[in-house]
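Engineer: missing the sequence, but the structure's below:
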């Protein structure tokens, strides 16, 4: 969305390599599931009708629309984004007839009385098995970008991204070029958009003789046509860093996660994130900073998720071992003063526990941050934690959000997150049960506000 992006728009593929499961920062292949439905929960400040005194409010359903082609095991909610009255939800393993895992993207709009489906977006080119269209999504105004990292049009798993523009209620593709990107790059594993600029991650991109070094590509729109403006790379990049696994953009600043980067002290897969800036009105991008955790540990996978809002950033390290236990996870808040970035605080869950993977998804808007822990809670159904910036370098945990969906089973609630500047938020739960099928998946649309408690039970 405009002015704030999160890494939750990309669909991850491997758990940081210390773990025994596939990476849940974007809900890897732990299971498949989607129900084409969106729920809206009650949050303090919803439509301005509540106050901070109502911190214990329970969710009020604003709507749960279902798609006519709703089917289980498509991972609806694996990628989400929101901008104002429009939300976009990816279902990267949606089957297109006899074509498995071709993928699909669902668009919903707020009618004032609930969320109604507006469109289902599909790969406008030939749809093939395991294209994973919808693995990552982003929206800014009337423009949606969709990643399809399994696309084979330019070679096996070269990947691709598509842009759709809305006129009235109709979404149509917009042209662009991705020439020169080699097969195996997994282009579109992560995407982010702000106005007329898109950043697309290709974590398996590699120069000749390399392997999964990673890259991110910046595209700009002029006259309805998208063209590549820059290729972003880590100057100290190495094989298997997977730079580009997560991306975020805010204005003329881009943040790129490299979760398997080795630290300067030799800690394998400690992870990092890189900040790039563009001269206002220009077309040249340069690295401004490399962000790392001050207490980096081996296989923390710092950079598995990234989010950015102006001069603030939050970076997830879902494999971090801390007081909560192994793989409890953490996230780090950073702030920029001038051109200098510094770590403000390490965020952890007050009730953190082993294998919660807190930090798998992050979102930030101004002084409010959300962090997902998709394996936390009863039956590992997942939780989302909200933090508020109070002053200086201080961030305070505000509340814990859990899914209102029943039964209480593994839902991976908090696998994907996004916020917009108007107080809207969306949380993906791609394994939640629905009336259509077990482990079908949902996305929860909510209203949040900086300084207002956030609690769903």
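Structural biologist: It's in. The shown structure was predicted, so the numbers you read here are calculated from the model rather than taken from an experiment.

Engineer: in a helix, that's where residue 379 is, yeah?
Structural biologist: Yes: judged by DSSP: H, G, I helix; E, B strand; the rest coil, residue 379 forms part of a helix.

Engineer: what's the distance between it and residue 417?
Structural biologist: According to Cβ to Cβ, to the nearest Å, residue 379 stands 21 Å off from residue 417. To be clear about C-beta, it is placed using only N, CA and C from the backbone, and glycine gets the same treatment.

Engineer: These two - which one has more neighbours?
Structural biologist: Between residue 379 and residue 417, counting by other Cβ atoms under 10 Å, residue 417 is the more crowded of the two (28 against 11).

Engineer: any idea which helix or strand comes after the helix or strand containing the more buried one?
Structural biologist: Assigning secondary structure by DSSP states H and E places residue 417 in strand 416-419. The first helix or strand that comes after strand 416-419 along the chain, using DSSP H and E, is strand 424-429.

Engineer: Direction included, what does that following strand pair up with?
Structural biologist: strand 416-419 (antiparallel), strand 442-447 (antiparallel) (DSSP bridges).

Engineer: Mind listing what's buried along that strand?
Structural biologist: 424-429 (16 or more other Cβ atoms under 10 Å).

Engineer: These: which two are farthest apart?
Structural biologist: Spatial extent of those (Cβ to Cβ) is set by the pair 424 and 429 at 17.0 Å.

Engineer: If we only consider the buried residues of strand 424-429, which is nearest to residue 201?
Structural biologist: residue 428 (18.2 Å).

Engineer: Confirm for me that the closest one is in contact with residue 81.
Structural biologist: No: at 10.0 Å, residue 428 does not count as touching residue 81 under the criterion of Cβ atoms under 8 Å.

Engineer: Check the spacing between residue 172 and residue 219 real quick.
Structural biologist: As judged by Cβ to Cβ, residue 172 and residue 219 stand 18 Å apart.

Engineer: of those two, who's got more company?
Structural biologist: Between residue 172 and residue 219, counted using other Cβ under 10 Å, the more crowded position is residue 219 (22 against 10).

Engineer: part of a strand, is that one?
Structural biologist: Yes: assigned with three-state DSSP, residue 219 falls within a strand.

Engineer: circling back: among the strands paired with strand 424-429, where is the model least confident on average?
Structural biologist: Of all the strands paired with strand 424-429, mean pLDDT reaches its minimum on strand 442-447 (a mean of 86).

Engineer: Now do the strands in the stretch 151-300 of the chain.
Structural biologist: Secondary structure of the stretch 151-300 of the chain (DSSP state E, counting those that start in this stretch): strands located at 160-167, 170-174, 190-194, 197-202, 215-222, 225-232, 246-250, 253-258, 272-278, 285-291.

Engineer: Make a markdown table out of those strands and add mean pLDDT and distance to residue 138.
Structural biologist: Listed next are the strands of the stretch 151-300 of the chain as a markdown table, based on pLDDT from 0 to 100; distance: least, Cβ to Cβ, whole Å:
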| stretch | mean pLDDT | distance to residue 138 |
| --- | --- | --- |
| strand 160-167 | 97 | 9 |
| strand 170-174 | 95 | 14 |
| strand 190-194 | 98 | 4 |
| strand 197-202 | 98 | 7 |
| strand 215-222 | 97 | 12 |
| strand 225-232 | 96 | 13 |
| strand 246-250 | 98 | 9 |
| strand 253-258 | 98 | 13 |
| strand 272-278 | 98 | 17 |
| strand 285-291 | 98 | 18 |
